[in-house]
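Chemist: Just the structure for this:
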Amino acid sequence: MKVSKLAANLIGSEIVKIGNEVNDLKAKGAEIANLTIGDLNSNIYPIPAKLKEEIQKAYQNNLTNYPPANGLLSLRKEVSKDLKTRWNLDYSPNDILITAGSRPLIYAVYKTIVDEGDKVVYPTPSWNNNHYAYLTSADAVEVKTTPENNFLPTADDLRPHLSGAVLVALCSPLNPTGTMFTKEQLSEICELILEENKKRGEDEKPLYLMYDQIYSNLTFGAEHVDPVSLFPEMREYTIYIDGISKCLAATGVRVGWGFGPAHILDKMKALLTHVGAWAPKPEQEATAKYFENPEEVNAFVEDFKGKLEASLKVLHGGIQDLKGKGLAVDSIEPMGALYLTIKLDYIGKTKPDGTVIENSSDLVFYLINEAGVALVPFSAFGEEKSEPWFRASVGGLATDEIAVMMPKLENALNALK
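Modeler: From the prediction side, this is the model:
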């Protein structure tokens, strides 16, 4: 049966494919340490009790009709206050758009800025930019990054590609690596964008920056930096992506927000009225009420990220122990988010049954079956399948479960020749 060319050529999510394999095995009784999902086990990491209480109250008060297209004013006011208090960013409620998590915002940024054939620049690895570029028929320029730079693009990496581009997509802390831009790194990139925009005429589309900071509150010692704080003149070119999904362990609550230039946000709002990507009204009302007490918000975030950091340290320490034993593994010290970047240099090795690990996907499914450990290869984030790097998300496991899985991982890797 015929479908649209866009639908016919869509690439399914490799993360979902791996997740389905894990779920099938678990349904058959297998014990799998699932490090694939950028999500949280809500029994280990529940949302704030006060937020849950306010959500229930909003439903009891029958707040179940449509919210305003750009989000409840009460929530936009609270977000505006939080941006000022937390990051010293001045955005009025009218500069803020509320949606059902960050995905509709990212899609709307692409659809609002990018015409067919327009150049969009983003690093690899990065989350889903390849798919959003495809959905907008963009000319996607993927900039390969290196472990030496924590898999973050440098100004030198980006410089050759910015002429004629309309959008640069960046994320910090980065999904999938949990690494972050330093002030110097981001400053140099902002200077490039400003320099490029000075070259453009009034009839030319500017070069915009989409800055995804959904993990900005989940940082471990390192300072989160953002474009407009570094260069106020970046304000007219920067669209931010943010929300509660990660920092409040509220991935399924679906409350996100974008903020940036009014003419971009207004068009994003208009686009999303045709998609219906609003955050549910009760959840918006509850989030607004919860943010009225910033001390409570901060206390939750500090406790939550402390637990994530502890789990990441256990996992990072375990990988480093294996490295010390001579295994071909490594990991990058976590800086933020839920993720650890792990190197498993076993592509080309032979399994006990005589078959060869030909690529990173082969290694993933070998480890699922032989070690009960599920990871996501960087090929799911735009890298080649020959790359031996993987994302491990600790949101779905307790710290003791991570410790238990390490000997199983060691044994499975040692069985490869």
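
Chemist: for the protein, what helix or strand is lowest in average pLDDT?
Modeler: Least confident helix or strand of the chain, by mean pLDDT, DSSP states H and E, is helix 14-27 with a mean of 84.

Chemist: continuing past that helix, what's the next helix or strand?
Modeler: strand 33-34 (DSSP states H and E).

Chemist: Show me what counts as buried in the next helix or strand after that next one.
Modeler: Per DSSP H and E, the first helix or strand lying C-terminal to strand 33-34 is helix 49-60. Neighbour counts over helix 49-60 (16 or more other CB atoms under 10 Å) mark 51, 54, 55, 58 as buried. Every residue, glycine included, has its C-beta placed from N, CA and C.

Chemist: Pick the one among these closest to residue 303.
Modeler: Nearest to residue 303 among these is residue 51, at 13.9 Å by CB to CB.

Chemist: what's the distance between residue 215 and residue 398?
Modeler: From residue 215 over to residue 398 the distance is 21 Å, taken as CB to CB, to the nearest Å.

Chemist: Poorly predicted segments of the stretch 151-300 of the chain, please.
Modeler: Filtered on pLDDT under 70, the stretch 151-300 of the chain yields no residues whatsoever.

Chemist: ranges for the helices of it?
Modeler: Assigned by DSSP state H, counting those that start in this stretch, the helices in the stretch 151-300 of the chain fall at 155-158, 183-198, 227-230, 262-273, 281-291, 294-324.

Chemist: and for the fourth one, what are the contacting residues?
Modeler: Outside of helix 262-273, the residues that reach it under the criterion CB atoms under 8 Å, 6 or more residues apart in numbering are 69-70, 94-97, 99, 104-105, 108-109, 111-113, 208, 239, 258-259, 278.

Chemist: Which ones among those residues map onto helices?
Modeler: Mapping the contacts of helix 262-273 onto helices (DSSP state H) picks out 104, 105, 108, 109, 111, 112, 113.

Chemist: Could I get those in a markdown table, plus columns for distance to residue 385?
Modeler: Formatted as a markdown table, the ones in helices among the contacts of helix 262-273 follow (distance: CB to CB, whole Å):
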| residue | distance to residue 385 |
| --- | --- |
| 104 | 30 |
| 105 | 30 |
| 108 | 31 |
| 109 | 29 |
| 111 | 30 |
| 112 | 33 |
| 113 | 31 |
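
Chemist: ok, and the most crowded of the residues you listed?
Modeler: In terms of neighbour count, residue 105 stands highest of these at 30 neighbours, by other CB atoms under 10 Å.

Chemist: any idea how far residue 11 is from that residue?
Modeler: 22 Å.

Chemist: what's the domain layout of the protein?
Modeler: Segmentation of the chain into domains, based on the TED database, reads 5-45+299-415, 49-293.

Chemist: From the contact counts, what lies against the helix or strand harbouring residue 361?
Modeler: Assignment of secondary structure by DSSP H and E places residue 361 within helix 360-371. Secondary-structure packing of helix 360-371 (3 or more CB pairs under 8 Å, 6 or more residues apart in numbering; DSSP states H and E): helix 14-27, strand 373-374, strand 376-377, strand 389-393, helix 399-414.
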